[in-house]
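Predicted model follows, preceded by the sequence.
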Amino acid sequence: MLRVLVCVSGGGTNLQALIDAVEQGSVTDTEIVQVISNNRNAYALQRAAAHGIRGVCVSPKDFPERAAFYDSFLQAVDDAAPDLIVLAGFLVVLPEAMIRKYRNRILNIHPSLIPSFCGAGYYGLKVHEEALKRGVRVTGATVHFVDEGTDTGPIVLQKAVSVMDGDTPAVLQRRVMEEAEWILLPEAVELFAHGKITVKDGRAVVTK
Ligand code: GRF
């Protein structure tokens, strides 16, 4: 049984997609053992509670400096004893000690086709605003392993989504969520749960 810890900051629709996939059986041999949020008001915590999943808040605001927050956050992660950590709309930069300790066991969902529209400052609506500003005809989402960079780790899955005339950032964000994010994240967890993702020479190899 794969033990999955999900880290969230906001609405939690990606968490919900994973919860639903586990409950409906499209993700197997997997248990979401805990949710950690940096934001005590994150609706994602209510989603976890509604499904009997333990949710805790570890907020940087509760610590005098970053190092103390990082220590407490990493301790909370270790206490969950996860096999896999999923960042589902998690807006906190991870401590490097965590990335080293959980190398190629931290998955992130990003709302663009990396390497487009990613890196520092590219999160939430900003990603879609930039895609519309550039005038791309296709965007999408990416699931990747987390490394020390920002959105730079090995790419595991991607899915393209059409940009439509008249799209607003919010309309495009919703389409990317519905048509890509909420499909890719559960698929990546199912693959990971069954040992179908390996990393060789810095690139993810997926055997479906
Ligand atoms: C999603 O667009 C996700 O790709 C990005 O942040 C947003 C979080 O959405 N990382 P939610 O909290 O999962 O609804």
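Received the coordinates, thanks. Numbering: from 1, shown residues only.

what helix or strand does Val6 sit in?
In the assignment (DSSP states H and E), Val6 maps to strand 2-8.

Which residue does the chain have closest to the ligand?
Proximity of the chain to the ligand (Cβ to the nearest ligand atom) peaks at Gly89, 2.5 Å away. (C-beta placed from N, C-alpha, C; glycine too.)

which SS state does that residue fall under?
Taken by DSSP: H, G, I helix; E, B strand; the rest coil, the conformation at Gly89 corresponds to coil.

Quick check: it touching Gly12?
Yes. Applying Cβ atoms under 8 Å, one finds Gly89 in contact with Gly12, separated by 7.0 Å.

For the residue of the chain closest to the ligand, which non-adjacent residue is closest in space?
Leaving aside its chain neighbours, Gly89 sits nearest to Gly10 (5.0 Å; criterion: Cβ to Cβ, 6 or more residues apart in numbering).

wouldn't that neighbour be in contact with Asn39 here?
Yes. Taking Cβ under 8 Å as the definition, Gly10 is a contact partner of Asn39 at 6.9 Å.

what comes into contact with stretch 43-51?
Among residues not part of stretch 43-51, those counted as contacts by Cβ atoms under 8 Å, 6 or more residues apart in numbering are 6, 8-12, 15-16, 19, 23, 32, 35, 37, 54-55, 57, 88-89.

returning to what we had before: and the strand holding Val6, which residues are buried?
Residues Leu2, Val4, Leu5, Val6, Cys7, Val8 are the ones in strand 2-8 that count as buried (16 or more other Cβ atoms under 10 Å).

want to try JSON lines for those residues, with distance to the ligand as columns?
Formatted as JSON lines, those follow (distance: Cβ to the nearest ligand atom, whole Å):
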{"residue": "Leu2", "distance to the ligand": "20"}
{"residue": "Val4", "distance to the ligand": "15"}
{"residue": "Leu5", "distance to the ligand": "15"}
{"residue": "Val6", "distance to the ligand": "10"}
{"residue": "Cys7", "distance to the ligand": "10"}
{"residue": "Val8", "distance to the ligand": "6"}
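
quick one: the helix ranked longest in the chain to strand 2-8, angle?
When the chain is scanned for its longest helix (criterion: DSSP state H), the result is helix 66-79. Between helix 66-79 and strand 2-8, the angle comes out at 150 degrees (axes from the mean of the first three to the mean of the last three Cα atoms, to 10 degrees).

returning to that earlier point: against Gly153, how distant is the residue of the chain closest to the ligand?
For Gly89, the distance to Gly153 (Cβ to Cβ, to the nearest Å) stands at 17 Å.

Quick check: which ranges of this structure have low pLDDT?
Along the chain, no part satisfies pLDDT under 70.

Can you show me the helices along it?
Taking DSSP H, the helices of the chain run over residues 13-24, 43-50, 66-79, 96-101, 125-134, 169-176, 182-193.

Now render the ones you listed as a markdown table, adding distance to Phe117 and mean neighbour count.
Below are these laid out as a markdown table (distance: least, Cβ to Cβ, whole Å; neighbours: other Cβ atoms under 10 Å):
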| stretch | distance to Phe117 | mean neighbour count |
| --- | --- | --- |
| helix 13-24 | 18 | 20 |
| helix 43-50 | 23 | 18 |
| helix 66-79 | 27 | 15 |
| helix 96-101 | 22 | 14 |
| helix 125-134 | 5 | 17 |
| helix 169-176 | 11 | 18 |
| helix 182-193 | 16 | 22 |
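
Sweet, I'm off.
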